[in-house]
Every structure is written in structure tokens, then in C-alpha cells.
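Model the following, please.
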Amino acid sequence: MSKHGRILVAMSGGIDSSLAAVMLHEEGYEVIGMTMKTWDYASSGGTKKETGCCSLDSINDARNIAVSLGFPHYILDIREEFGDSVIDHFTGEYLEGRTPNPCVLCNTHIKWDALLRRADRLDCESIATGHYAHIRQDVGGSGSPDRSEGRYVISRGVDTLKDQSYVLWGVSQASLSRTKLPLGHLRKSEIRQMATERGFVELVTKSESYEICFVPDNDYRGFLKRRVPGLEAEVAGGNFVEEGTGRVLGKHLGYPFYTIGQRKGLGMAFGQPMFVTEIRKDTNEVVLGLDKDLFRDGMYVSKLNLQKYASISGPLETVTKVRYKDPGTPATIMQDGDRITVLFNEGVSAIAPGQAAVFYEGDDVVGGGWITKSFRQTDALPAEQQLLAV
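Numbering: from 1, shown residues only. Next up is the predicted model:
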């Protein structure tokens with residue numbers, strides 16, 4: 001009988017998830033390792049060698065850790081489920097003129113659900129991952145709103161350079177209640193030191209992949225062309241138009257092949273740096289402007305998942321992130337059903353519909369959702385103008 005019970009640990013083969021499993025094993029948990037096979041890159045028609053969490057090398061690395069410590073390891077094939085949900089969403093978002101975030105979708109809607117289902121079959125009380133973040137249950141108390149009492153809350157990891165709370169905003173309360181994140185209180189340097197001390201030197205020297213697993217060559221244009229036969233011919237020849245004036249600046253390759261904030265790879269010289277400020281699917285137009293034209297005062301966020309509070313009853317001051325590496329900007333948010341209106345204290349550059357927005361109160365994740373539209377103060381609706389005056 002184990003000291004703390006049985007736990008299923010997601011092991012990608014990298015240093016973070018491997019050390020999470022090692023730590024829990026040393027603490028007395030009955031660890032079962034699980035590596036998820038989400039994607040077979042060869043089926044995408046790409047030419048680059050398969051790398052990252054789905055490669056055979058990574059699976060073998062995870063298994064070797066399990067064998068060395070004497071706990072079981074399994075491979076979970078979720079390629080069909082992953083493809084239907086994550087890859088179809090990825091493709092569909094670009095075809096709608098938006099910029100998707102497949103890693104957030106995979107983390108919160110595919111991997112967690114798949115792990116918990118398998119955990120139930122293996123009689124595991126909980127699951128664990130190697131994310132740099134904390135989970136706690138808010139016990140309420142003096143000064144704490146009733147709406148937060150008893151809820152599970154994600155908060156930032158102590159290593160600000162590795163903090164991954166942004167990608168976990170979509171994990172449900174039920175899933176958080178059964179999840180452990182052993183690395184939240186540690187820095188990456190400490191993890192490397194722990195791996196070295198335990199003789200797992202190969203993990204320290206192993207390179208880390210930051211690419212989308214099913215686009216390991218980082219060529220999402222090529223992936224879309226392979227995924228949607230005939231797309232290139234269908235969308236080619238649209239116009240680049242100038243921000244403000246609407247003046248035609250030239251022809252582009254097709255609206256799905258551009259993202260908000262993009263400067264490089266436009267295929268034309270304009271005499272000054274020009275950026276993609278808007279994508280218009282219906283007219284196949286890509287709007288270009290100067291750096292200053294990228295800034296917006298607010299945005300709408302939908303398909304919400306709130307963590308710290310069950311709902312937001314009035315204006316709430318937050319720090320809001322619009323992408324993973326975004327340091328965040330102070331903002332007032334207000335909920336109306338399944339939509340949150342965000343008004344920033346200062347303009348934010350390159351807000352891309354399709355990306356995730358995450359709201360923080362201190363280090364706590366209030367919740368998050370998907371960006372549907374951004375706006376300037378001058379084109380805000382009356383309700384948003386009232387919020388600006390609050």
C-alpha cells in the first residue's frame with residue numbers, strides 16, 4: 001500500500017514531466033506513467049524528422065525513467081480524438097481569418113479528459129503533469145467573496161520565466177480537484193539540478209521543443225495547404241489594403257496565410273515597416289498599417305471558463321494576457337453571460353482573434369476565454385463606453 005495513493009502522471013519524455021514523476025515517486029505515491037501519442041507527423045506530408053512529445057524517442061525516454069524507478073508506464077493513443085478536435089479546430093480557425101492556439105485547446109479539452117478517463121480505469125485518485133503552476137482550493141474566510149469559496153484556483157509558478165498558468169485557464173473545476181502540479185514551487189534551474197543529482201543527465205542535455213507538435217517545421221502555411229487541397233488556388237490574389245485609407249498596396253497569397261501583428265513574410269517591400277492589423281475573410285483582404293495601428297483599447301472574449309469565481313457580477317480589475325509571452329496589461333473586465341468585455345488601461349498591440357485571453361488577480365487565474373474581436377475606444381459600443389467611465 002502506497003503512502004499517498006495511486007497517481008497517473010503525464011510523461012512526455014522531457015525533463016519537466018519526468019521530474020514530476022520522480023518527485024511523486026520519492027514522496028511515496030504509487031506512480032503510473034502515461035505518455036500520450038497525439039500525432040504522427042508523417043501523416044501530415046511533412047518532411048522533417050518527428051520530434052517532441054509524440055516521437056518514438058520521447059516515448060522511450062519516458063519509459064526508461066519509469067523502468068529505472070520501478071513503476072509501470074503506458075502509451076495512450078489519442079491520435080483520432082486529437083485530430084478531430086485540435087487539428088480540425090486549428091485548420092478551421094485559419095479559414096475563418098483567426099489565429100488559433102492549439103496547445104491550450106489540447107491541454108484543457110483533450111489531454112486532461114483522456115488522462116482522467118484512464119486514471120479511473122487504473123483506480124488512480126489523481127493525475128499530475130509537469131506544468132509550472134500551482135493549484136489550490138480557496139477556503140474563503142474573512143474578506144473572501146462567497147463566490148470564490150471552495151473553488152479550485154490556478155496560480156502562477158514561482159519561476160516567472162517558465163510559468164505556464166496561461167495555458168491552463170480552461171481546465172474545469174472537476175479536473176482541477178484531481179490534479180497535482182509538483183513543479184509550481186520550483187525553478188527550472190532547480191529541476192535541472194535535481195535531475196543531475198539523480199543521474200538523469202540525458203534529460204538535462206535534451207533539447208526542448210516549443211513548436212506545435214503537428215507542425216514541427218513551423219511552416220503552418222505548408223500544413224494548411226496539405227490539409228486543405230486546393231486552398232492555395234482558392235484564396236490567392238486577394239488585396240493588401242492600407243489601414244485607414246483602404247488603398248490597395250498589392251496582392252497577397254490568401255488571407256489564411258497571415259496573422260495579426262505579422263511583419264515578415266509579406267512578400268513585398270513598402271518603404272517602411274508594415275504590419276498585418278486586420279484580416280477580412282469575406283473580402284479576402286489583409287489590412288496593413290504601421291506599428292501604431294496595431295494598438296487596441298479593448299476586446300471581447302467568449303467561450304469562458306472561470307476558475308477563481310463562479311461568475312463576475314460587476315467590473316473587476318485584472319491583469320489580462322492576450323498571448324503566452326505577454327507580460328499582461330491592467331484591465332477592467334465585465335461579464336455578460338458567456339462573454340467578457342475587456343477594457344485596457346492602455347493600448348495593447350497585436351490582439352489576435354482566436355488566441356486565448358487570461359485574466360489574473362494577483363497571481364491567481366480568474367479565468368479565460370477565446371478572443372473574438374478587438375476594438376478601439378473610438379468605435380466602442382455604448383455599453384463599453386459606460387464601462388470606460390466606471
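
need the helices for this protein, in chain order.
15-27, 56-69, 79-82, 88-95, 102-105, 112-121, 173-176, 188-197, 201-205, 220-227, 231-235, 382-388 (DSSP state H).

Which secondary structure elements does the second one sit against?
If I follow you right, that is helix 56-69. If contacts are counted by 3 or more C-beta pairs under 8 Å, 6 or more residues apart in numbering; DSSP states H and E, helix 56-69 sits against helix 15-27, strand 30-37, strand 73-77. Where C-beta positions appear, they are placed from N, C-alpha and C, glycine not excepted.

Show me what the last one is packed against.
Translated: strand 73-77. So strand 73-77, by 3+ C-beta pairs under 8 Å, 6+ apart, packs with strand 30-37, helix 56-69, helix 112-121.

and with 6 Å instead?
strand 30-37 (3 or more C-beta pairs under 6 Å, 6 or more residues apart in numbering; DSSP states H and E).

what lines up beside the strand it packs on in the sheet?
strand 6-10 (parallel), strand 73-77 (parallel) (DSSP bridges).

for the chain, what are the low-confidence residue spans?
Where the chain drops to pLDDT under 70, the residues are 1-2, 40-55, 140-148, 209-210, 380-390.

how's it carved up into domains?
6-130+182-205, 235-289, 294-388 (automatic domain parsing).

wait, which of those domains is closest to residue 139?
domain 294-388 (12.9 Å; C-beta to C-beta).

Distance from the chain centre to that closest one, please.
Centre-to-centre, domain 294-388 and its host chain are 16 Å apart (C-alpha atoms, centre = their mean, to the nearest Å).

dump the residue contacts of the residue most central in space within the chain.
Most central in the chain under C-alpha atoms, centre = their mean is residue 104, positioned 3.0 Å from the mean C-alpha point. Counting by C-beta atoms under 6 Å, 6 or more residues apart in numbering, residue 104 touches 167, 356.

Ok, residue 351 next?
296, 299, 322, 374.

The nearest residue to residue 373 once chain neighbours are set aside: what's it in contact with?
Using C-beta to C-beta, 6 or more residues apart in numbering and skipping the chain neighbours, the partner closest in space to residue 373 is residue 300 (5.0 Å). Residues in contact with residue 300 (C-beta under 6 Å, 6+ apart) are 339, 372-373.

follow-up on the earlier one: just say which of the strands paired with strand 30-37 is most tucked in.
Comparing the strands paired with strand 30-37 by mean neighbour count (mean count of other C-beta atoms under 10 Å), strand 6-10 ranks first with a mean of 25.

ok, residues contacting that strand?
Under C-beta under 6 Å, 6+ apart, the answer for strand 6-10 is 17, 21, 24, 29-34, 115, 119, 124, 126-129.

Give me the buried subset of those residues.
Taking 16 or more other C-beta atoms under 10 Å as the criterion, what is buried in the contacts of strand 6-10 is 17, 21, 24, 29-34, 115, 119, 124, 126-129.

And these, which is closest to residue 222?
Using C-beta to C-beta as the measure, the one of those that approaches residue 222 most closely is residue 17, at 29.2 Å.

Grab the nearest non-local neighbour of the closest one.
Take residue 17 and drop its neighbours on the chain: the residue closest to it by C-beta to C-beta, 6+ apart is residue 130, 3.5 Å away.

burial of the residue lying closest to residue 260 once chain neighbours are set aside, as a residue count?
Nearest non-adjacent residue to residue 260, counting by C-beta to C-beta, 6+ apart: residue 352, 4.0 Å away. Residues lying near residue 352 (other C-beta atoms under 10 Å) number 20.

quick one: residue 352 from residue 179, how far?
Distance, residue 352 to residue 179, using C-beta to C-beta, to the nearest Å: 29 Å.

again with residue 363
Counting by C-beta to C-beta, the gap from residue 363 to residue 179 is 18 Å.

Next: residue 105.
Residue 105 is 18 Å from residue 179, by C-beta to C-beta.
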